[in-house]
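only geometry, no sequence info:
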Ligand SMILES: NC(=O)N[C@@H](CC(=O)O)C(=O)O
Ligand SMILES: [Zn+2]
């Protein structure tokens, strides 16, 4: 079965503009491109008229929480992958902080099987570094790799013991696998919900200091240098971490890093005075200076990629107040429109720059065969409406989570169709197609 997508606008890096193109998809891969002025032979093919929408490689999100197994009331693989598809994502990497923790081959297989039967996008799971993410005992890395895990992380908590982390890195390196780290020194954080900054001072709250993140980043860069492992820093939020990553890259350490849309767009000074827990996430929103440092780090390449850290929680949990509500906000269904509207439409970034940080760059650093529209590549793609303006409406999310600080924001750049391996899995018009 072949499909023609007609009249899509495709970025041309040589001219720095988009051009009208037709593309044929066959056998799950991109088979041929034609100029928009041609009329291809479409006998027997399924035809999709893109009507001038942008065509992008399917977005890739290397830091997400699907909550299954164990927290299906927050999200499950069916709802989480549907939410991803609606956000234009075709490949996502879920974190192992589930219940049970994804720390055995069986849990990895469970997630992969569920994703194959109920999921609509590609799901590439991470496995835990330590059993139950308790930081005490390493998991069986070789068996987890064999089961299909793509890397090791205790995301949700930092690995507190340096020797444990060093052992993990040495073992991961011997297996050719990356270590992905949630960087947080618990001894500096205790009982705080927001960053140390203007907001914490104004409200008399204990703050989460920037060093709690950067201390782990610095430690782990040294351990990566010692072991040679590919070390990837999760959700970078501070100027201090950036300084260390920049230095690590300069001296040739195999370090990469990611940033979330909220850390590029919001600071602690934007948190409303009524302290809505949709503004509580980990790492917390930092100061305006940190926000600008994150933007510049992405621009200079110190930060490599953009991830959502999609972290759904129930309304009941988020209603527990700032001290007791869990950390985290949803991300799939707002990421691209937010970044397109705030950085591309304002002229700070080119469309190509933004899309690269969400497609080809994650594919490159995690060695994935996706994130490209080249002939022969898997037909993972998304069509995006760059012109229609719409408000963020959490009630319309396909995620079970409604926890976002972006409700009501008026944005451009909404996905309208998502294709994975040649199958249309979601359209704005007809919803999910399983
Ligand atoms: N980011 C968050 O605020 N929360 C994540 C954990 C994590 O990514 O560290 C979660 O699992 O809810
Ligand atoms: Zn984390």
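Sure thing, it's come through. Because the structure is a prediction, the values reported are computed rather than measured. Numbers count the residues shown, from 1 in each chain. Ligands and ions are numbered 1, 2, ... in the order given.

Kindly report the residues of the stretch 201-350 of the chain close to ligand 2.
Proximity of the stretch 201-350 of the chain to ligand 2, by CB under 5 Å from the ion, involves residues residue 234. Bear in mind the C-beta positions are built from the backbone N, C-alpha and C, glycine included.

Tell me which residues touch the most centrally placed residue in the chain, please.
In the chain, the centroid-proximal residue (CA atoms, centre = their mean) is residue 307; its distance is 2.5 Å. With contacts defined as CB atoms under 8 Å, 6 or more residues apart in numbering, residue 307 is in contact with 61, 62, 63, 64, 235, 258, 259, 260, 362.

what do you get for residue 271?
If a contact means CB under 8 Å, 6+ apart, then residue 271 has 194, 199, 279, 285 as its contacts.

what's the distance between the third one and ligand 1?
Applying CB to the nearest ligand atom, to the nearest Å, the value for residue 279 to ligand 1 is 11 Å.

can you map out the helices along the stretch 151-300 of the chain?
Counting by DSSP state H, counting those that start in this stretch, the stretch 151-300 of the chain forms helices over residues 162-174, 198-202, 211-227, 239-250, 261-265, 288-300, given from the N-terminal end onward.

Which among those is found nearest to residue 432?
Among the helices of the stretch 151-300 of the chain, helix 261-265 comes nearest to residue 432, with 23.2 Å by CB to CB.

which residue does this protein bring closest to ligand 2?
With CB to the ion, the shortest gap between the chain and ligand 2 falls at residue 182, namely 3.6 Å.

Next, the contact list for the residue lying closest to that residue once chain neighbours are set aside, please.
Beyond its immediate neighbours in the sequence, the residue positioned closest to residue 182 (CB to CB, 6 or more residues apart in numbering) is residue 155, lying 4.4 Å away. Counting by CB under 8 Å, 6+ apart, residue 155 makes contact with 63, 95, 96, 97, 126, 180, 181, 182, 234.

could these be laid out in CSV, adding pLDDT?
Shown next, in CSV, are the contacts of residue 155 (pLDDT from 0 to 100):
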residue, pLDDT
63, 99
95, 99
96, 99
97, 99
126, 99
180, 99
181, 98
182, 98
234, 99
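
Out of those residues, which sit inside strands?
Applying DSSP state E to those, the entries found in strands are 63, 180, 181.

Who is the second one paired with across the strands?
Read that as residue 180. Under DSSP bridges, the beta-bridge partners of residue 180 are residue 232.

so what pLDDT did residue 191 get?
Predicted confidence (pLDDT) for residue 191: 86.

Go back to the contacts of residue 307 and keep what's next to ligand 1.
The residues of these that also fall near ligand 1, by CB under 6 Å from any ligand atom, amount to none at all.

who wins for neighbours among the residues you listed?
Across these, the neighbour count under other CB atoms under 10 Å reaches its highest value at residue 62, namely 30 neighbours.

OK, contacts around that one?
For residue 62, the contacting residues are 92, 93, 180, 232, 258, 305, 307, 362, 366, taking CB under 8 Å, 6+ apart as the criterion.

and those, which of them are in strands?
With strands taken from DSSP E, the overlap with the contacts of residue 62 comprises 92, 93, 180, 232, 258, 305.

which pair in those spans the largest distance?
The two members of the ones in strands among the contacts of residue 62 with the most space between them (CB to CB) are 92 and 232, at 15.5 Å.

Compare those two (neighbour count), which wins?
Regarding residue 92 and residue 232, a neighbour count based on other CB under 10 Å identifies residue 92 as having more, with 30 against 24.

Quick check: bridge partners of that one?
For residue 92, the beta-bridge assignment (DSSP bridges) gives partners residue 61, residue 123.

Could you double-check that it sits in contact with residue 120?
No. With contacts defined as CB atoms under 8 Å, residue 92 does not count as touching residue 120, sitting 10.5 Å away.

Overlap in contacts, those two.
Between them, residue 92 and residue 120 have 81, 84 as joint contacts when contacts are counted by CB under 8 Å, 6+ apart.

Buried ones in stretch 410-421, by neighbour count?
Residues of stretch 410-421 classed as buried under the neighbour-count rule (16 or more other CB atoms under 10 Å) are 411, 412, 413, 414, 415, 416, 417, 418, 419, 420, 421.

circling back: now tabulate the helices of the stretch 151-300 of the chain in CSV and tack on mean neighbour count.
Compiled in CSV, the helices of the stretch 151-300 of the chain are given as follows (neighbours: other CB atoms under 10 Å):
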stretch, mean neighbour count
helix 162-174, 19
helix 198-202, 16
helix 211-227, 21
helix 239-250, 20
helix 261-265, 23
helix 288-300, 18
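
Write out the residues of the stretch 101-250 of the chain neighbouring ligand 1.
Going by CB under 6 Å from any ligand atom, the residues of the stretch 101-250 of the chain near ligand 1 are 155, 156, 182.
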